[in-house]
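Colleague: Attaching a predicted model along with its sequence, questions to come.
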Amino acid sequence: MNHFLDIHTTDAADLRSMIDTARAMKTARAGLPKGTPDADQPLKGRMVALIFEKPSTRTRVSFDVGARQLGAETMVLSGKEMQLGHGETIADTARVLSRYVDLIMIRTFEEQTLLEMAEHATVPVINGLTNRTHPCQIMADVLTYEEHRGPIAGRKVVWSGDGNNVCASFLHAAGQFGFDFTFTGPPTLDPEAAWLDFARSKGVRAEIVRDPALAFEGADLVVTDTWVSMHDPESAKERRHNQLRAYQVNEALMAHAKPDALFMHCLPAHRNDEATSAVMDGPHSVIFDEAENRLHAQKAVMRWCLGV
């Protein structure tokens, strides 16, 4: 049984295999209507539980559609519909769900909820997002980069803005896939030192450069994310904007990257905050390919978890 909890806790060879599987499945579906099942139905007869403590568009739709394309049935559950960690312990919920379903994907707040679910479940558990990491998104991002520019190993990825959960998983991927990573943002929003150390331990360059123009020099890929969470109070939003204004990805900063650099944003975006519409809709942007690739990457993750 394989849990998919984080990129840095998953074997690098398995991660590469998932990317290759995702690309092959996407190619096989080229030109098919969206509702067409895959020719191969490795999850036929399986039941997949999709648990959302945090709201979602891309994660919910991509996992639901992906599981169905692979032949599975899905059950979508919200935190309000369950007693997750409230009337019942997470451990007991994991044990009960394991009697009903073959696979659990959970999108939650606290990392501990994910870890406790995985510890006590007797079926595979997938991290659909926690406040600390977002590994499925970065699997889609690696797939997207390699579709457009070939192997990501040895490339320079620049993250501009907040060193959040998506940034954390990008640092994990830097170590596992062998690319260099530069963070540019204010000191108050640096990524965790442990994640920088992980990437460095794998022999890649992981650095912090405060000057965004200098950080963007020679970038093969520029990535950002929303500056504020939907749960942040208004006072926090104003403070974040003041801290991050210099790190907005705009045409002037993109001019410092390589001419063929790509731009990614995991969405949803606050246009003209963390990135301008000119960049998001411009020639460097692959944000909608990136969004689509959540579907293909997560199908590969589900197959790996179930050994099919």
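Modeller: That came through, no problem.
Colleague: so what does whatever helix or strand residue 146 lives in touch, helix or strand wise?
Modeller: Residue 146 belongs to helix 135-149 when elements are defined using DSSP states H and E. Counting contacts by 3 or more C-beta pairs under 8 Å, 6 or more residues apart in numbering; DSSP states H and E, helix 135-149 is packed against helix 12-28, strand 125-129, helix 165-177, strand 262-265, helix 287-306. From N, CA and C alone the C-beta is placed, and that goes for glycine too.
Colleague: what does the helix or strand bottoming out on mean pLDDT in the chain contact?
Modeller: Here the helix or strand of the chain ranked lowest by mean pLDDT, DSSP states H and E is helix 234-244, holding a mean of 85. With contact meaning C-beta atoms under 8 Å, 6 or more residues apart in numbering, helix 234-244 is reached by 161-162, 185-186, 188-189, 227-228, 232, 273-274.
Colleague: Could you export those to a markdown table, including columns for neighbour count?
Modeller: Formatted as a markdown table, the contacts of helix 234-244 follow (neighbours: other C-beta atoms under 10 Å):
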| residue | neighbour count |
| --- | --- |
| 161 | 28 |
| 162 | 26 |
| 185 | 26 |
| 186 | 17 |
| 188 | 11 |
| 189 | 17 |
| 227 | 22 |
| 228 | 19 |
| 232 | 14 |
| 273 | 18 |
| 274 | 25 |
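Colleague: Just put these in TSV and tack on pLDDT and secondary structure.
Modeller: Converted to TSV, these look like this (pLDDT from 0 to 100; DSSP: H, G, I helix; E, B strand; the rest coil):
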residue	pLDDT	secondary structure
161	98	coil
162	97	coil
185	98	coil
186	97	coil
188	95	helix
189	96	helix
227	94	coil
228	87	coil
232	69	coil
273	96	coil
274	98	coil
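Colleague: Can you say which two of those residues are spatially most distant?
Modeller: Using C-beta to C-beta, the contacts of helix 234-244 span at most 17.5 Å, a distance reached by 188 and 273.
Colleague: re the thing from before, make a markdown table out of the helices and strands packed on helix 135-149 and add distance to residue 105 and mean pLDDT.
Modeller: Formatted as a markdown table, these follow (distance: least, C-beta to C-beta, whole Å; pLDDT from 0 to 100):
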| stretch | distance to residue 105 | mean pLDDT |
| --- | --- | --- |
| helix 12-28 | 15 | 98 |
| strand 125-129 | 4 | 98 |
| helix 165-177 | 16 | 98 |
| strand 262-265 | 22 | 99 |
| helix 287-306 | 8 | 98 |
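Colleague: Dump the ones you listed into TSV; add mean neighbour count and distance to residue 196 as well.
Modeller: Listed next are these as TSV, based on neighbours: other C-beta atoms under 10 Å; distance: least, C-beta to C-beta, whole Å:
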stretch	mean neighbour count	distance to residue 196
helix 12-28	16	18
strand 125-129	26	20
helix 165-177	26	6
strand 262-265	25	20
helix 287-306	23	24
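Colleague: From residue 79, how far off is the residue of the chain most remote from its centre?
Modeller: In the chain, the residue that sits farthest from the middle, by C-alpha atoms, centre = their mean, is residue 87; the gap is 30.2 Å. Residue 87 sits 12 Å away from residue 79, going by C-beta to C-beta, to the nearest Å.
Colleague: Residue 107 too?
Modeller: 10 Å.
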